[in-house]
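Asker: heads up, no residue letters with this:
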C-alpha cells in the first residue's frame, strides 16, 4: 500500500493536538530562571505540552542544564561550564539574575530535571555539547530515570543515530534553520520524523506553508508575541516554542487538545527505521507502542503467504525475482535487510504466520492483499485461524475483487476497500456497491473527505478511514 497508514515515530514524536503544541523554551525562561528546576515545575504546572532544555557536560562528566557556554550572565562568574566541576557550579546562585525571589536557585542536573517530568510529557533536548562522551553521559541519565519514552532530540542525523544505539526509542527533531525544507524532509524523514523547528521571526507564513506542503510539521521558535503566534499557526505551524507558555496557552484556550489519542498504525512495521515488512520492523513498531501494524502479502510458488509490498523482490533484496514465481526456500535465502542498512544484514522475508505470532495480545494487524488469485483466500483463512487472531485482523486492498473474496471466505472478518485517485466519485453508488457485497467500509485519501462524501457516508452509516500520505 503506497499511501495509507501513518508512519509510527511521526505520531510518537508528538501528542495529537487540534491546537498548536506549546513548548516551554528553556522551561519557560520568561517566567522563572531558565533551565532550572523551579522553572520546570512551573512549566508543567501551567500546562505546557513539552519543555525544551539545553544540556551541557561539566569538566567532571555531569549533565547539567545551561544554555550559555559561559555562566557569567546567570552568576556573574566568568567561567565555562565545560571547564568547571559540578561542585564548583553547584555553589553558585543561578536564580538572582532573574529576580531576587529566586535567590539561591542552583544549576539543575539532568536527572533532577527529569524527576519533574509528568508521565506522558515529552522533553525537547537541545544539545550544547557533542561527541561520544556526551552521548554516553546523557543516555545513561535518561535510562536511569526511565525517561526513554520522552526523549526528543534536536540534533544532526548522525548524533540522533548515535543516541538510538543506546536508546532505540530516541525521537528526532529536524532543524529548518540548518537544512533546507527538501533536505530536512529527506534526512529526518529517514529517521521517522516530520517535526522540525524554524526561526519564526526570520521565516514567515510563506515559509510555513512551504514546509507544510512538503509534509513537515514546523515548530516556530522563539515566539512570545501572541499575534505572531496566531499568524504562524493560521498558516500551518504545528508548534510554538516560547518563553511565555502561559500567554500561549491562554491565547489558544478556545482550541482544546484532542482528549482521545488516535490509534497508532505502523506502516509496514516502522519502515522509516527498519526494513519494511520484516519481523525486526514489526517488533520495533510494537516496542514503540503501535496499536496496529499494516503489512502486505503475496503467495509463493509453493503456497506460502509472505510479507512484501511488491511482487518483485529487487528493491528489497537486490534480486530480479518475483514472489509468485519463487519457492519460499529461494526467498528465505535472500537478504531483505541490507538495503536499509548494514545493521540489518541477513534479515529474512517473514511469513504471515510469523508476523501474526509476533503480534502482542490486544494488538491488531491490517493485512493488505496484494495477490488476489483465488487460491490466496483459503490459505489466508487457515493462517489466521492457526494463529487464533480472527477477531484481531483487518483485511484491506485496492483490489475490489480481493475485498469481496475475503468477505466470502471470512464473512466475520472486517474488510475495507482502499481508494485513491483524483477522479470524481459517485459516493452513493460506491456505498450501494459495498453494502451489496457486505464490505465493511472505505479507506480513502484526505482530499476525498469533503462535505459531500461525509454526508453520504453518514446517511448510509458507512464507516471510513482517512489515509495519510508522507508528502
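Answerer: Arrived safely, thanks for sending. Because the structure is predicted, anything quoted here is derived from the model rather than measured. Residues are numbered from 1 along each chain as shown.
Asker: ranges for the helices of the stretch 101-250 of the chain?
Answerer: 110-114, 131-144, 157-166, 181-189, 205-213, 226-234, 245-251 (DSSP state H, counting those that start in this stretch).
Asker: as a whole number, average confidence for the fifth one?
Answerer: By that I understand helix 205-213. Across helix 205-213, the average pLDDT comes to 89.
Asker: Which strand residues bridge residue 24?
Answerer: residue 51, residue 242 (DSSP bridges).
Asker: Can you report how many residues neighbour it?
Answerer: Using other Cβ atoms under 10 Å, residue 24 has 33 neighbouring residues. For the C-beta atoms, the positions are set from N, CA and C on the backbone; glycine is no exception.
Asker: That one and residue 53 touch, don't they?
Answerer: No: here residue 24 does not reach residue 53: they are 9.3 Å apart, not a contact under Cβ atoms under 8 Å.
Asker: rewinding a little: redo the helices of the stretch 101-250 of the chain as TSV? Include distance to residue 433.
Answerer: What follows is these, written out as TSV (distance: least, Cβ to Cβ, whole Å):
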stretch	distance to residue 433
helix 110-114	55
helix 131-144	52
helix 157-166	46
helix 181-189	37
helix 205-213	34
helix 226-234	40
helix 245-251	47
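Asker: Please, where are all the strands along the stretch 201-350 of the chain?
Answerer: 217-221, 239-242, 265-267, 292-299, 305-307 (DSSP state E, counting those that start in this stretch).
Asker: From the structure, what's the count of residues near residue 315?
Answerer: Neighbour count of residue 315, defined by other Cβ under 10 Å: 11.
Asker: mind checking pLDDT for it?
Answerer: Model confidence at residue 315 (pLDDT) stands at 95.
Asker: which residue packs closest to it, ignoring adjacent ones?
Answerer: In space, and not counting its chain neighbours, residue 315 is closest to residue 339: 7.1 Å by Cβ to Cβ, 6 or more residues apart in numbering.
Asker: same thing with residue 52?
Answerer: Nearest one to residue 52, counting by Cβ to Cβ, 6+ apart, is residue 124 at 4.2 Å.
Asker: ditto for residue 61
Answerer: The spatially closest residue to residue 61, leaving aside those adjacent along the chain, is residue 137, at 5.8 Å (Cβ to Cβ, 6+ apart).
Asker: Assess the claim that that neighbour and residue 63 are in contact.
Answerer: Yes: contact criterion Cβ under 8 Å: residue 137 and residue 63 qualify, at 5.2 Å.
Asker: what about stretch 67-78, distance to the chain center?
Answerer: On the basis of Cα atoms, centre = their mean, to the nearest Å, stretch 67-78 is displaced by 36 Å from the centre of the chain it belongs to.
Asker: Next up, the contacts around the nearest residue to residue 21 once chain neighbours are set aside.
Answerer: Nearest non-adjacent residue to residue 21, counting by Cβ to Cβ, 6+ apart: residue 239, 4.0 Å away. Taking Cβ atoms under 8 Å, 6 or more residues apart in numbering as the criterion, residue 239 is in contact with 14, 20, 21, 22, 23, 50, 195, 197, 217, 218, 219, 220.
Asker: Just give the closest residue to residue 190, not the sequence neighbours.
Answerer: Excluding the flanking residues, the one nearest residue 190 by Cβ to Cβ, 6+ apart is residue 272, at 6.4 Å.
Asker: swap that for residue 210, sorry
Answerer: Excluding its sequence neighbours, the residue lying closest to residue 210 (Cβ to Cβ, 6+ apart) is residue 181, at 5.9 Å.
Asker: Same question for residue 29.
Answerer: The nearest residue in space to residue 29 (Cβ to Cβ, 6+ apart) is residue 243, at 4.8 Å.
Asker: Could you tell me how many residues sit around the one you found?
Answerer: Neighbour tally, residue 243, other Cβ under 10 Å: 21.
Asker: tell me the pLDDT at it?
Answerer: At residue 243, the predicted lDDT confidence score is 98.
Asker: ok, it to residue 22 distance?
Answerer: To residue 22, residue 243 is 12 Å away according to Cβ to Cβ, to the nearest Å.
Asker: what does residue 299 give?
Answerer: With Cβ to Cβ as the criterion, residue 299 and residue 22 are 50 Å apart.
Asker: Quick check on those two: which one has the bigger neighbour count.
Answerer: Using other Cβ under 10 Å, the more surrounded residue of residue 299 and residue 22 is residue 22, with 27 against 22.
Asker: What helices and strands are in contact with the host helix or strand of that one?
Answerer: Assigned by DSSP states H and E, residue 22 falls within strand 21-24. Applying 3 or more Cβ pairs under 8 Å, 6 or more residues apart in numbering; DSSP states H and E, one finds that strand 21-24 contacts strand 50-57, strand 239-242, helix 245-251.
Asker: returning to what we had before: look at the residue nearest to residue 21 and report its pLDDT.
Answerer: pLDDT, residue 239: 94.
Asker: now residue 17
Answerer: With respect to pLDDT, residue 17 has a value of 38.
Asker: what do you get for the one 3 residues further on?
Answerer: Per-residue confidence for residue 20 comes out at a pLDDT of 91.
Asker: returning to what we had before: how far away is the residue nearest to residue 29 from residue 380?
Answerer: In terms of Cβ to Cβ, residue 243 sits 56 Å off from residue 380.
Asker: Residue 275 now?
Answerer: Here the criterion is Cβ to Cβ. By it, residue 275 lies 23 Å from residue 380.
Asker: Kindly report the same for residue 318.
Answerer: Residue 318 is 28 Å from residue 380, by Cβ to Cβ.
Asker: now residue 121
Answerer: Distance, residue 121 to residue 380, by Cβ to Cβ: 42 Å.
Asker: do residue 79 as well
Answerer: Distance from residue 79 to residue 380, by Cβ to Cβ: 68 Å.
Asker: So those two - more neighbours on which side?
Answerer: residue 380 (25 against 14).
Asker: Next one: the more buried one from residue 119, what distance?
Answerer: For residue 380 relative to residue 119 (Cβ to Cβ), the value is 40 Å.
Asker: Poorly predicted segments of the stretch 251-400 of the chain, please.
Answerer: Applying pLDDT under 70 to the stretch 251-400 of the chain flags residues 254-263.
Asker: give me that answer again for 90
Answerer: 252-274, 284-292, 341-343, 361-362 (pLDDT under 90).
Asker: And the stretch 101-250 of the chain, by the same measure?
Answerer: Applying pLDDT under 90 to the stretch 101-250 of the chain flags residues 119-120, 130, 189-194, 204, 209, 212-216, 234-236.
Asker: my guess is residue 41 contacts residue 116, does it?
Answerer: Yes: when contacts are counted by Cβ under 8 Å, residue 41 is listed as touching residue 116 (5.4 Å).
Asker: Which one's more surrounded, those two?
Answerer: Ranked by neighbour count (other Cβ under 10 Å), residue 41 and residue 116 place residue 116 first, with 20 against 15.
Asker: My understanding was that that one contacts residue 45; is that so?
Answerer: No: Residue 116 is beyond contact range of residue 45, at 9.9 Å (criterion: Cβ under 8 Å).
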